[in-house]
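1. would you be able to build a 3D model of this:
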Amino acid sequence: ETKALLDNSTFYYIITTNMEGKYTYVNNCYRRTFERIHGPIVGERYEITIHPDDVRICEEVSFKCFSNPESTFPATIRKHDGRGGFVITQWEYKAMFDEQGNPEGIFCLGHDITDYMDYHDQLKNAQSLISQKQNVLREIVFYQSHVIRKPLANIMGLTKVLERMELDQNLKNICEMVVESSRQLDEVIRQAADKAYD
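-> Prediction:
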């Protein structure tokens, strides 16, 4: 029933294999994608289409299917793309039994998740880069708040001392300008710190 429903699917692969691990059925989507690489697939062993390291995954998931026949089990399998790389596919496996209840093979429904995995990797890389940039920004803010503000506070304190001294008007004006510039710089540093921690 599911085979008939999705035989001409654009997105979903359907395959079945027998107990010898040979393809007994592939839908048109799977055929279009992988027969151009491997030739006719039905009757061939399932290993011809997959990354050698993923054969074990298939075996483990198949074992789970027959151990728990009422359940389906997921598997992520790399398939040869015909250009030296791999298509990443996501599958649901289910054990099949004949009318007498004897194991007959595995039914698999899958789809290509290569683009999703690429986007996922790009997102993880972007998140990592953002995290690194945030750490650098926090270091800069800490440096500004604790390292730069200390001598700035000293300058402000010294100008306060100078304001109380007997100075001519020219030096008083300079002192006031130093106080005001120090206050403005302190405010800029404070605002940058507040923004970084928001």
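2. residue 83: helix or strand, and which one exactly?
-> In this assignment (DSSP states H and E), residue 83 forms part of neither any helix nor any strand.
3. which phi and psi does it have?
-> As for residue 83, its main-chain torsions (degrees, to the nearest 10) stand at phi -120, psi 20.
4. look at it and say how many residues are nearby.
-> 8 (other C-beta atoms under 10 Å). C-beta: built from backbone N, CA, C; applies to glycine.
5. now the residue nearest the centre of the chain: how far from residue 146?
-> Ranked by distance to the mean C-alpha position of the chain (C-alpha atoms, centre = their mean), the top residue is residue 120 at 3.2 Å. Distance, residue 120 to residue 146, by C-beta to C-beta, to the nearest Å: 39 Å.
6. next: residue 164.
-> The separation that residue 164 has from residue 146, given C-beta to C-beta, amounts to 28 Å.
7. go on, residue 63?
-> Taking C-beta to C-beta, one finds residue 63 at 60 Å from residue 146.
8. helix or strand right after the helix or strand harbouring residue 120?
-> Taking DSSP H and E as the definition, residue 120 sits inside helix 114-142. Sequence-wise, the next helix or strand downstream of helix 114-142 (DSSP H and E) is helix 149-163.
9. what about residue 58, neighbour count?
-> With other C-beta under 10 Å as criterion, residue 58 counts 20.
10. continuing past the lowest-mean-pLDDT helix or strand in the chain, what's the next helix or strand?
-> Least confident helix or strand of the chain, by mean pLDDT, DSSP states H and E, is helix 2-6 with a mean of 70. Sequence-wise, the next helix or strand downstream of helix 2-6 (DSSP H and E) is strand 12-18.
11. give me the sheet partners of the helix or strand following that following strand and which way each runs.
-> Going down the chain from strand 12-18, the next helix or strand is strand 23-26, by DSSP H and E. Strand pairing for strand 23-26, using DSSP bridges, gives strand 12-18 (antiparallel).
12. how about the partner strand: buried residues?
-> 13-18 (16 or more other C-beta atoms under 10 Å).
13. what residues does it touch?
-> Here strand 12-18 makes contact (C-beta atoms under 8 Å, 6 or more residues apart in numbering) with 2-3, 6-7, 23-27, 29-30, 33, 46, 89, 91, 96, 104-112.
14. avg pLDDT for that strand?
-> Strand 12-18 shows a mean pLDDT of 96 in the predicted model.
15. from memory residue 103 sits against residue 19, does it?
-> Yes. Using C-beta atoms under 8 Å, residue 103 makes contact with residue 19 at a distance of 5.8 Å.
16. shouldn't residue 88 be within a helix?
-> No. Assessed with DSSP: H, G, I helix; E, B strand; the rest coil, residue 88 is strand; it does not lie in a helix.
17. neighbours of it, just the number please.
-> 18.
18. what does the one 5 residues further on give?
-> When neighbours are counted by other C-beta under 10 Å, residue 93 registers 22.
19. show the contacting residues for it.
-> 61-62, 64-65, 72-75, 106-108.
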